[in-house]
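# Need coordinates for the following:
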Amino acid sequence: MPEFEESRTVGESIDPKDDRFKKRSDAYDRLLVTYDEKRKLIFKGGGEKRQKREHERGKMLPRERIAALLDSDSEFQEIGTFVAEGMYEEEGGCPAAGTVMGTGHVSGRLCMIVANDATVKAGAWFPLTAKKNLRAQEIALENRLPIIYLVDSAGVFLPRQDEIFPDRDHFGRIFRNNAVLSARGIPQIAAIMGSCVAGGAYLPIMSDEALIVDGTGSVFLAGPFLVKAAVGEDVDKETLGGASTHSEISGVTDYKVPDDATCLSTIRDLVARMASADSAGFNRVDSVSPAFDSGEIRGIMPESGSEPYDMFNVLGRIIDEASWTEYKAGYGRTLLTGYARIDGWSVGIVANQREVVKARAGVKARTDELQAGGVIYSDSANKAARFIMNCNQKRIPLVFIQDVSGFMVGSRAEHGGIIKDGAKLVSAVANSVVPKFTVIVGNSYGAGNYAMCGRAYDPRLICAWPTARIAVMGGAQAAKTLLQIKKATLERSGGKLTEAEEATLLEKIQARYDRQSSPYYAAARMWVDEVIAPDHTRSWISRGLEVADLNPEIAVFNPGIIQT
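Numbers count the residues shown, from 1 in each chain. Next up is the predicted model:
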């Protein structure tokens, strides 16, 4: 069998009047309504009353600042919208962890932007605020991406100081990263547009250049009340650490500006003077639209994570038309591997196939493949591991599209060496040096999450669709497993569950697993960078590739480290 098939269009046209298509599309539309409602609530920050108060003080809101900073034709790709969603409820919640971050073009230069939201607890830093800021710096470091901080924060949220202060990846790591970014020549610009207190004062001042807005910006290690308590000095906020103090007396800041608008235009001017960025040289040609409408993905994806569908139909609505060259098409068919283009970028794709596998291209399907959509077999794992090595050799970025139930189990799989073959795939993913991007479209269970480049395997970006489910196993399987353990424990002590008690316990366990496997639960804890609508997948990956192309320093991949 040849290694490659001729480049072709994948997927097929779908009749929008088809009953199954309409049913699935309607179900996905309901998911997207929930998705939009959650986003709108998060965008309100600390509420309309607090937003109005910021405006009355002459200050822009964080997303308004970002919009004014960006080029008019640049889209802001937000990262971490759902961080802390449903968490910190005892404190009244912390929408988006009190920070807005993402990438966009400033004076033609792609930048990472991080903006505190002063309407959320005065911009105080919760534990996940720190984690979110560290993620922004990680992306900047990985991709040599200039980073702009729009600072407006009251400092650490003291009731949770033990969760944010002393550990390796807590608050102090941010300042360590400030130093590392500067040492590596990655520009950092900080604008003090509101309060900047205590340890938080180090972030803007450890940046390469700092601006401060007169009248609203202030920065000091200790505020007036703490100064009074510590040294007995009476001093007002402006005298202690206002714009005039730090621009004319201490020299701590570099630019004093009269208002938010001037501050943002000054940042644009500073970015415009940077030297042009280097490039990794990833292959890109003119973009071609997908063969089919990306909006149709909603009618392809099933309501249940156990129903089959053809991943080729999903790919045909994401990749550039006629750009697919499949690798080992007739082998290991529960994983699709092939070269494609997304918005002109050359990528290698590894995607789970959930369709019931059929005979194709004259190759007869194995009996076990016929019912095994979404499961990784030994042959699938071996194929994907080799394909990943090839992409590394050719410096082609990788895109993983996850809808995986895990590796095959049972005596036949174990006798065939599924553990060793799975280890080859995991090793290839772990040691891959080209940029990796992951999209979780359905199930992401067990070791399948690892093999398909979950968060632990350092994808440059990882996102999820509203249909994603992320857990060690499915809710139904977990509930049945835990119920059997509970019954066995009771039986050893002479007890027994009634049928009604079994049903109640089963329902309770499954409800907990279903809640914990939600994509929003994952996004709140930063297991994924963002939850996105399916028709945004193409632009999401394209922006990630544009960011990754800014770092020319790609290590050499050594396939000898992969067991064979």
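
# and residue 376, what does it touch?
Residues in contact with residue 376 (C-beta atoms under 8 Å, 6 or more residues apart in numbering) are 334-335, 352, 404, 406-408, 422, 425, 448, 451. C-beta: built from backbone N, CA, C; applies to glycine.

# Go again with 7 Å.
Counting by C-beta atoms under 7 Å, 6 or more residues apart in numbering, residue 376 touches 334-335, 404, 407-408, 422, 448, 451.

# May I have the phi/psi pair for it?
Torsion angles at residue 376 (phi, psi; degrees, to the nearest 10) stand at phi -100, psi 120.

# that older thread, which two of the contacts of residue 376 have the greatest separation?
Spatial extent of the contacts of residue 376 (C-beta to C-beta) is set by the pair 334 and 422 at 12.9 Å.

# Now do the closest residue to residue 521 other than its chain neighbours, the pLDDT please.
Excluding the flanking residues, the one nearest residue 521 by C-beta to C-beta, 6 or more residues apart in numbering is residue 515, at 6.5 Å. If you check residue 515, the pLDDT there is 89.

# Report whether residue 515 is found in a helix, as I expect.
Yes: assigned with DSSP: H, G, I helix; E, B strand; the rest coil, residue 515 falls within a helix.

# Tabulate the contacts of residue 376 in CSV, adding columns for neighbour count and distance to residue 440.
Shown next, in CSV, are the contacts of residue 376 (neighbours: other C-beta atoms under 10 Å; distance: C-beta to C-beta, whole Å):
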residue, neighbour count, distance to residue 440
334, 25, 17
335, 27, 15
404, 29, 9
407, 24, 17
408, 22, 20
422, 25, 19
448, 22, 11
451, 31, 13
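
# Looking at those residues, which is nearest residue 182?
For the contacts of residue 376, the nearest to residue 182 is residue 451 (37.0 Å; C-beta to C-beta).

# What are the boundaries of the helices in the stretch 201-350 of the chain?
202-205, 224-231, 237-241, 243-244, 260-272, 297-300, 311-315 (DSSP state H, counting those that start in this stretch).

# Can you pull the poorly scored residue ranges out of the stretch 351-500 of the chain?
356-373 (pLDDT under 70).

# Okay, strands next: where are they in it?
Ranges of strands in the stretch 351-500 of the chain, per DSSP state E, counting those that start in this stretch, are 375-376, 398-404, 406-407, 436-445, 461-464, 469-471.

# Using a markdown table, lay out these together with distance to residue 24.
Shown next, in a markdown table, are the strands of the stretch 351-500 of the chain (distance: least, C-beta to C-beta, whole Å):
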| stretch | distance to residue 24 |
| --- | --- |
| strand 375-376 | 22 |
| strand 398-404 | 14 |
| strand 406-407 | 24 |
| strand 436-445 | 12 |
| strand 461-464 | 18 |
| strand 469-471 | 16 |
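
# of all those, which lies closest to residue 550?
Closest among those, using C-beta to C-beta: strand 461-464, at 13.7 Å.

# and of the strands of the stretch 351-500 of the chain, who's closest to residue 294?
With C-beta to C-beta as the yardstick, what comes closest out of the strands of the stretch 351-500 of the chain is strand 436-445 (12.6 Å).

# So which other helices or strands are in contact with the closest one?
If you count contacts as 3 or more C-beta pairs under 7 Å, 6 or more residues apart in numbering; DSSP states H and E, strand 436-445 packs onto strand 398-404, strand 461-464, strand 469-471, helix 537-548.

# Would you format the helices of the stretch 201-350 of the chain as TSV with mean neighbour count, distance to residue 253 and mean pLDDT included?
Shown next, in TSV, are the helices of the stretch 201-350 of the chain (neighbours: other C-beta atoms under 10 Å; distance: least, C-beta to C-beta, whole Å; pLDDT from 0 to 100):
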stretch	mean neighbour count	distance to residue 253	mean pLDDT
helix 202-205	22	8	90
helix 224-231	12	19	86
helix 237-241	17	10	91
helix 243-244	18	7	95
helix 260-272	19	11	98
helix 297-300	23	48	97
helix 311-315	23	50	97
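
# Figure out which of those is closest to residue 43.
helix 260-272 (18.7 Å).

# Who are the packing partners of that closest one?
Using 3+ C-beta pairs under 7 Å, 6+ apart, helix 260-272 is in contact with helix 62-69, strand 188-196, strand 209-213, strand 255-257.

# got the contact list for residue 397?
282, 347, 434-435, 437, 545, 548.

# In CSV: the helices and strands packed on strand 436-445, plus distance to residue 240.
Shown next, in CSV, are the helices and strands packed on strand 436-445 (distance: least, C-beta to C-beta, whole Å):
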stretch, distance to residue 240
strand 398-404, 51
strand 461-464, 41
strand 469-471, 47
helix 537-548, 39
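
# Out of those, which is closest to residue 520?
strand 461-464 (9.0 Å).
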